[in-house]
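sharing a sequence plus its predicted fold:
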Amino acid sequence: MRVVFMGNPGFAIPTLEKIIQSHHDIMCIVSNNPKPMGRRKILKYTAVGEYANQHQISLIEIGSFQKNTIISQLVSFNADVFVVVAYRVLPRSILTIPKIGSINLHASLLPKYRGAAPIQWALMNGDKTTGVTTFIIDPKVDTGDILLQKKIEIHDSDDYGTLSERSSHLGADLILDTLGQLEKGKTKPIQQEKDLATQAPKISKEMTIINWNWPALKIHNWIRGLSPTPGMSTSWNGKRMRVFKTSVIESSENDLPGIVQKRSKNELIISAGKGCLSLIEIQQEGKKRLPISEFLRGCAVSVGDKFL
């Protein structure tokens with residue numbers, strides 16, 4: 001089939017590669033415009049845009065879909081299907097261009113976790129399983145009829161980085177299965193159950209600050225969901241630091257939240273609203289990410305100190 005692929009981040013690359021390696025034809029890749037980054041304002045392409053340039057695949061960089069020239073370009077490819085992975089909400093004028101339709105890969109078992117951050121929220125809520133879904137795109141966010149789904153186990157050791165990586169490869173296989181069914185006319189779309197829908201809103205800056213009044217398990221799960229990026233932060237002695245990895249320590253003591261309970265060469269344990277957290281990997285502002293043993297070598301933190 002003739003495919004137009006749309007995506008932005010690295011999560012979309014395994015799917016793009018799978019389609020390229022298949023018998024389907026990528027007519028072009030659509031991604032966001034490059035943005036000026038850093039002090040020198042050097043233009044930085046999206047991961048998908050960079051991949052297209054490196055592999056000399058036709059690339060359309062889009063700021064807005066409102067321009068008639070963009071619509072004309074997309075129509076000219078005579079595509080059977082648009083495949084969308086981690087891109088943006090598309091207007092109806094775009095969705096109706098391909099002959100068969102536009103499909104999306106979403107990193108949850110819809111209708112659970114509709115929205116921008118499904119992997120993060122599955123981890124933050126302490127879920128044990130999640131999955132990937134392909135569905136027919138409609139103008140609303142993640143509400144279209146389901147085509148295929150696959151489950152994936154969430155390991156205790158998973159964080160956003162590891163679960164996103166595994167989900168991206170599982171999703172790539174699911175897209176190929178979906179394209180195969182579309183090609184043969186064997187799809188059986190299933191309407192989503194609205195009553196079972198939950199949301200996975202975009203992660204805001206306010207959400208990345210550790211609240212030590214929370215139970216240790218909740219803090220631990222939020223750190224997993226936001227590691228390695230953007231990371232959750234706390235402060236000690238006026239210094240901001242990001243926490244990437246922790247373990248939960250059960251405790252029956254009713255200590256004040258945020259207080260250092262134990263400090264040794266290799267261990268830093270802080271009380272929470274319920275239980276304690278052992279910090280495993282941390283990064284002080286302006287410095288490298290370090291295992292806690294290395295961080296503590298040059299740090300004067302002591303038992304009784306307070307983290308905010």
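Good, I have the coordinates.

and the contacts of stretch 189-198?
110-114, 135-136, 143-147 (C-beta atoms under 8 Å, 6 or more residues apart in numbering). Every residue, glycine included, has its C-beta placed from N, CA and C.

just the mean pLDDT for stretch 61-76, thanks.
Per-residue pLDDT values over stretch 61-76 give a mean of 83.

got the end-to-end distance for it?
For stretch 61-76, the separation between the terminal residues is 16 Å (C-alpha to C-alpha, to the nearest Å).

report the buried residues of it.
Buried residues in stretch 61-76, counted by 16 or more other C-beta atoms under 10 Å: 62, 70, 73-74.

what comes into contact with it?
Contacts of stretch 61-76 (C-beta under 8 Å, 6+ apart): 4, 30-34, 49, 60, 90-91, 93-94, 97.

what helices and strands are in contact with the helix or strand hosting residue 134?
Element membership for residue 134 (DSSP states H and E) is strand 129-136. With contacts taken as 3 or more C-beta pairs under 8 Å, 6 or more residues apart in numbering; DSSP states H and E, strand 129-136 sits against strand 101-106, helix 118-124, strand 146-153, helix 160-184.

could the ones you listed go into CSV alongside mean neighbour count?
What follows is these, written out as CSV (neighbours: other C-beta atoms under 10 Å):
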stretch, mean neighbour count
strand 101-106, 24
helix 118-124, 25
strand 146-153, 17
helix 160-184, 19
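
that older thread, pLDDT added to the contacts of stretch 189-198, as JSON lines?
Formatted as JSON lines, the contacts of stretch 189-198 follow (pLDDT from 0 to 100):
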{"residue": "110", "pLDDT": "98"}
{"residue": "111", "pLDDT": "98"}
{"residue": "112", "pLDDT": "98"}
{"residue": "113", "pLDDT": "98"}
{"residue": "114", "pLDDT": "98"}
{"residue": "135", "pLDDT": "98"}
{"residue": "136", "pLDDT": "98"}
{"residue": "143", "pLDDT": "97"}
{"residue": "144", "pLDDT": "97"}
{"residue": "145", "pLDDT": "98"}
{"residue": "146", "pLDDT": "98"}
{"residue": "147", "pLDDT": "98"}
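
which among these end up buried?
Neighbour counting by 16+ other C-beta under 10 Å classes 110-114, 135-136, 143-144, 146-147 among the contacts of stretch 189-198 as buried.

can you tell me what sits against the helix or strand of the chain with the lowest mean pLDDT?
Lowest on mean pLDDT, DSSP states H and E among the helices and strands of the chain sits strand 35-37, with a mean of 81. Here strand 35-37 makes contact (C-beta under 8 Å, 6+ apart) with 42-44.

okay, who's weakest in these by pLDDT?
Out of those, that is residue 42, at 81.

before we move on, back to that, of the buried residues of stretch 61-76, which belong to strands?
Those of the buried residues of stretch 61-76 mapping onto strands are residue 62, per DSSP state E.

and of the buried residues of stretch 61-76, the nearest to residue 278?
Nearest to residue 278, judged by C-beta to C-beta, of the buried residues of stretch 61-76 is residue 62 at 46.0 Å.

surely residue 229 touches residue 160?
Yes - here residue 229 reaches residue 160: they are 7.3 Å apart, a contact under C-beta atoms under 8 Å.

which of the contacts of stretch 189-198 lies closest to residue 222?
Set against residue 222, the nearest of these by C-beta to C-beta is residue 113 (15.4 Å).

burial count for the closest residue to that closest one other than its chain neighbours?
Nearest residue to residue 113, sequence neighbours excluded (C-beta to C-beta, 6 or more residues apart in numbering): residue 200, at 4.0 Å. Close neighbours of residue 200, defined as other C-beta atoms under 10 Å, add up to 22.

can you pull the contacts of residue 200?
Residue 200 neighbours (C-beta under 8 Å, 6+ apart): 108, 113-118, 120-122.
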